[in-house]
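> Predicted structure and sequence below. I'll ask about it afterward.
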Amino acid sequence: MAAGLLAAAPLSHGQALPTATRLADLQIGGGYTLANSDYVPNRIRGFMFYGDFDLRGHYGLEADFHQVTDPNPDPLVPSNHFSERTYEVGGRYLRHYHHQRLAPYAKLLYGRGVVNFRAQQIYVPAGLLTYIDNVAYNMAVLGGGLDYRLTPHINLRADFEYQHYFASDRDLPSGLSPTLFSFGVAYRFPVRGPGRR
């Protein structure tokens, strides 16, 4: 019996080796974003870029960038547009289904959101002053979505984010909580171990 176990040990080791050689997955992509800004009444559009570094198993790191802009001109300064720009980084948890093609995920991120407000006016001793605030706030993000592996190197994405800006100033006395829906495509770079080419 001991001889049988010794004979089977190299076989079991040979079967486990291929799964251990893929160290991680890296994907970098971009896409289209539709947002409820929580400030202007209409939905606003823009773009996003993202990158994920997923370790073996179910955990990974994510970095996101979003830029959404109100297409309607500012009533006071027509060249100015309300916009939200965000920089986020954090962790994500994912699972794989259907031969690794479907990967639903949840993410928790932290970052910085920059808001370009509509112009405002105040009276000063010299007369009426028109000004535009462009203010940055810390923020937390809860989100999730689905990656679909279209080819070995191309992933499609549908993504949702709930953002919470930590704001309590004159421009945002009650804070800001936008929601974003994004659709993207990414190029996937499998990071291989020494046993794979």
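That came through, no problem.

> going forward, measure contacts between C-alpha atoms and count neighbours the same way
Will do.

> Please compute how far stretch 75-91 lies from its chain's middle.
Centroid separation between stretch 75-91 and its chain, computed with C-alpha atoms, centre = their mean, to the nearest Å, is 16 Å.

> So what touches that stretch?
By C-alpha atoms under 8 Å, 6 or more residues apart in numbering, the residues outside stretch 75-91 that reach it are 37, 59-74, 107-120, 141.

> start to end distance for that stretch?
Across stretch 75-91, the terminal residues are separated by 40 Å (C-alpha to C-alpha, to the nearest Å).

> so of the contacts of stretch 75-91, which ones are in strands?
If you go by DSSP state E, the contacts of stretch 75-91 have 59-69, 107-116, 120, 141 in strands.

> Show me which of those are buried.
The neighbour count (16 or more other C-alpha atoms under 10 Å) marks 59-69, 107-116, 141 as buried among the ones in strands among the contacts of stretch 75-91.

> and the residue most central in space within the chain, what does it touch?
The residue lying closest to the centre of the chain (C-alpha atoms, centre = their mean) is Asp64, at 3.8 Å. If you count contacts by C-alpha under 8 Å, 6+ apart, Asp64 has them with 48-51, 86-89.

> if I look at it, how far off is Leu109?
As judged by C-alpha to C-alpha, Asp64 and Leu109 stand 9 Å apart.

> Could you do Ile122 as well?
37 Å.

> Name the residues linked to the residue nearest to Arg101 when sequence neighbours are not counted by a beta bridge.
Leaving aside its chain neighbours, Arg101 sits nearest to Arg149 (4.7 Å; criterion: C-alpha to C-alpha, 6 or more residues apart in numbering). Note on Arg149: beta-bridge partners by DSSP bridges are Asn155.

> Arg149 reaches Leu102, doesn't it?
Yes: using C-alpha atoms under 8 Å, Arg149 is in contact with Leu102, at 6.6 Å.

> show me where this protein has helices.
Taking DSSP state H as the test, the helices found in the chain are 2-21.

> What distance do you get for Phe65 to Arg101?
In terms of C-alpha to C-alpha, Phe65 sits 25 Å off from Arg101.

> got it, and Arg118?
Plainly put, Arg118 is 44 Å away from Arg101 if you go by C-alpha to C-alpha.
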